[in-house]
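Asks: Structure, please.
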Amino acid sequence: MRILLDTHALLWWWKTEEQLSSAARKAMESDSNTIVISAAVAWEIAIKTKTGRIHFDQALASWNELIAEDHFTELPISSEHGISAGQLPLHHRDPFDRMLAAQAQVTGWPIISADRIFDYYGVRRIW
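Replies: Reported below is the predicted structural model:
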């Protein structure tokens, strides 16, 4: 199964794995799952690093290597994703979460996230 990762889930995987729920960790470790990282996640991490909210300069500098090392795949943002995100109900104004919700809806994939906002969008959430 393909599974999207929310930004915090990826950051916790890299830095503080114990913050992941057991269900999230199990899904990420399973060889039968393909973990997918949206371009929106890279974008969010880059912005938060630039503004000093988080410190992931090294991760950004070696992004492709880290993703490959963990056997994750990437999901670009398509026009379909953008249109879908723009048409979502305004349950949430965070553009990154809205994009992830849209991508999960368009692809039909679940998302690993502690954030319950995805439940309002009818996205299957693993946590």
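
Asks: So what's the residue count around residue 65?
Replies: Counted by other Cβ atoms under 10 Å, the residues lying close to residue 65 total 10. Placement of C-beta: from N, CA and C, glycine included.

Asks: Confirm it sits in a strand?
Replies: No - read with DSSP: H, G, I helix; E, B strand; the rest coil, residue 65 is helix and lies in no strand.

Asks: for it, what are its contacts?
Replies: With Cβ atoms under 8 Å, 6 or more residues apart in numbering as the criterion, no residue contacts residue 65.

Asks: all strands for the protein, in order.
Replies: 2-5, 34-38, 73-75, 111-112, 125-126 (DSSP state E).

Asks: May I have the strands that pair with the second one, each with its orientation?
Replies: Based on DSSP bridges, the pairing partners of strand 34-38 within the sheet are strand 2-5 (parallel), strand 73-75 (parallel).

Asks: Export these as TSV, with columns for mean pLDDT.
Replies: Listed next are those as TSV, based on pLDDT from 0 to 100:
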stretch	mean pLDDT
strand 2-5	98
strand 73-75	97
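
Asks: Let's have the strands of the chain in CSV, adding mean neighbour count and distance to residue 93.
Replies: Below are the strands of the chain laid out as CSV (neighbours: other Cβ atoms under 10 Å; distance: least, Cβ to Cβ, whole Å):
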stretch, mean neighbour count, distance to residue 93
strand 2-5, 21, 20
strand 34-38, 20, 18
strand 73-75, 15, 22
strand 111-112, 25, 18
strand 125-126, 20, 19
